[in-house]
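Enquirer: okay, here's the prediction I keep looking at, along with the sequence it came from:
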Amino acid sequence: MKRTKPHRQTVSSLSTNTATEVGQVIAGHGRHYFVELNSGEVIKCFPRGKRGGICVGDWVDISTQGERAAIERLHERRNLLYRSDEMRSKQFAANIDQLFIVLAAEPMFSEDLVGRALVAAGTANITPYILLNKIDLASTPLARTRLQPLIDIGVPVLEIQALDSAQVHAVLDDLLRDKTSLLLGQSGMGKSTILNALVPEAHAHTQAHSEALGAGRHTTTSTKLYHLPNSTGKIIDSPGFQAFGIAHLTPEDLVRGFIEFHDPITQCRFYNCTHRHEPNCGVVAAYESGQIHPERYALYQRLLNELESQPKY
Ligand SMILES: Nc1nc2c(ncn2[C@@H]2O[C@H](COP(=O)(O)OP(=O)(O)O)[C@@H](O)[C@H]2O)c(=O)[nH]1
Ligand SMILES: [Mg+2]
Ligand SMILES: [Zn+2]
């Protein structure tokens, strides 16, 4: 990370005193975190005690004493995007304005994972966008067809080709300005390439880079926050994921994540309708009349079954 300065000159002369400052977590590596102060200085910090659950995007109080820096307090979050699979949960990032779900035709994206990410964004009050990347590939029309159910319910889909950085700027600059945005998606979809186009100095390693260096496939292994060069906007690159469990959600959360259910739900006879088999269910009626896409209804049923059968955290 370019801006990292491991020690702080201002405190070394006051080594017996403790200074407290506010900063934002921009990366985490196992037990320690990199925290950026208002001055732009980045310092390595350890959480005080057994304070888990800190993630990129968090605002924290840190204390510095000599060369050592500790995270003393986690500020209240505006939001948190996370997933939970089987026995553990994983935080993606906190305090974000918008989620960019990055996908492509090669490797072909999973509609199931995209649907899950949309639900997670909806319940965390984060505005979702889909970035259909690699539109230079001949297989792109197939990806567009698969995205149609999401286009139909109003999810914005933006088309880019990350290897063409001018094109990426033309499509994204206005949206990214002064906001904090998270790039999320399966491995190989082009997240790090998009980051490179937007923040050239990030030199995020893409697979192409490391192949050129003979280092084989590169995969982003940790989530990192970067500053956009020409605005106060921030962008977060994240590792790919193979699974996106949503066991932490309640059935009400789940329904909130399916925006096309919101109107039909007002027609359900029972206030606690699960929209599966109840009589006079507005959602089932909308599905049967073709207003709700069969794939989306199937995803809803799958997710509801899944969260009912998993332990709560
Ligand atoms: N053809 C094409 N390949 C791309 C594009 N964007 C990224 N790639 C390639 O896709 C591969 C994966 O990209 P990477 O950014 O590492 O994906 P990530 O795992 O989502 O971070 C690399 O070989 C990139 O060069 C694009 O717009 N078109
Ligand atoms: Mg990557
Ligand atoms: Zn219902």
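Expert: Thanks, I have the structure now. Numbering: from 1, shown residues only. Ligands and ions are numbered 1, 2, ... in the order given.
Enquirer: what ranges does this structure have for its strands?
Expert: Taking DSSP state E to define them, one finds strands in the chain at 19-29, 32-37, 42-47, 59-65, 68-74, 80-85, 88-94, 98-103, 127-132, 157-159, 180-184, 224-227, 234-237.
Enquirer: Throw those strands into TSV and include mean pLDDT, distance to residue 166 and mean neighbour count, thanks.
Expert: Quick note: C-beta positions are derived from backbone N, CA and C, even for glycine. Formatted as TSV, these follow (pLDDT from 0 to 100; distance: least, CB to CB, whole Å; neighbours: other CB atoms under 10 Å):
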stretch	mean pLDDT	distance to residue 166	mean neighbour count
strand 19-29	92	27	18
strand 32-37	94	29	20
strand 42-47	93	30	19
strand 59-65	93	34	19
strand 68-74	92	40	18
strand 80-85	87	30	20
strand 88-94	86	27	19
strand 98-103	98	18	24
strand 127-132	97	16	21
strand 157-159	98	15	15
strand 180-184	97	19	25
strand 224-227	95	19	21
strand 234-237	96	17	24
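Enquirer: need the contact list for the residue of the stretch 1-150 of the chain found nearest ligand 2.
Expert: As assessed by CB to the ion, ligand 2 sits closest to residue 102 within the stretch 1-150 of the chain, at 9.3 Å. The neighbourhood of residue 102, defined by CB atoms under 8 Å, 6 or more residues apart in numbering, consists of 131, 133, 183, 184, 185, 189, 190, 191, 194.
Enquirer: any low-confidence regions in this protein?
Expert: Low-confidence segments of the chain, defined by pLDDT under 70, span residues 1-17, 50-52, 86-87, 204-219, 311-313.
Enquirer: what does it put close to ligand 3?
Expert: For the chain, the contact set with ligand 3 under CB under 5 Å from the ion comprises 268, 273, 275, 281, 283.
Enquirer: ChimeraX command for the buried members of the residues you listed?
Expert: Command for ChimeraX that selects the buried part of the residues of the chain next to ligand 3, burial taken from 16 or more other CB atoms under 10 Å:
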select :268,273,275,281,283
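Enquirer: now the residues of the chain next to ligand 3 as TSV including distance to ligand 1?
Expert: Converted to TSV, those look like this (distance: CB to the nearest ligand atom, whole Å):
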residue	distance to ligand 1
268	39
273	39
275	34
281	39
283	34
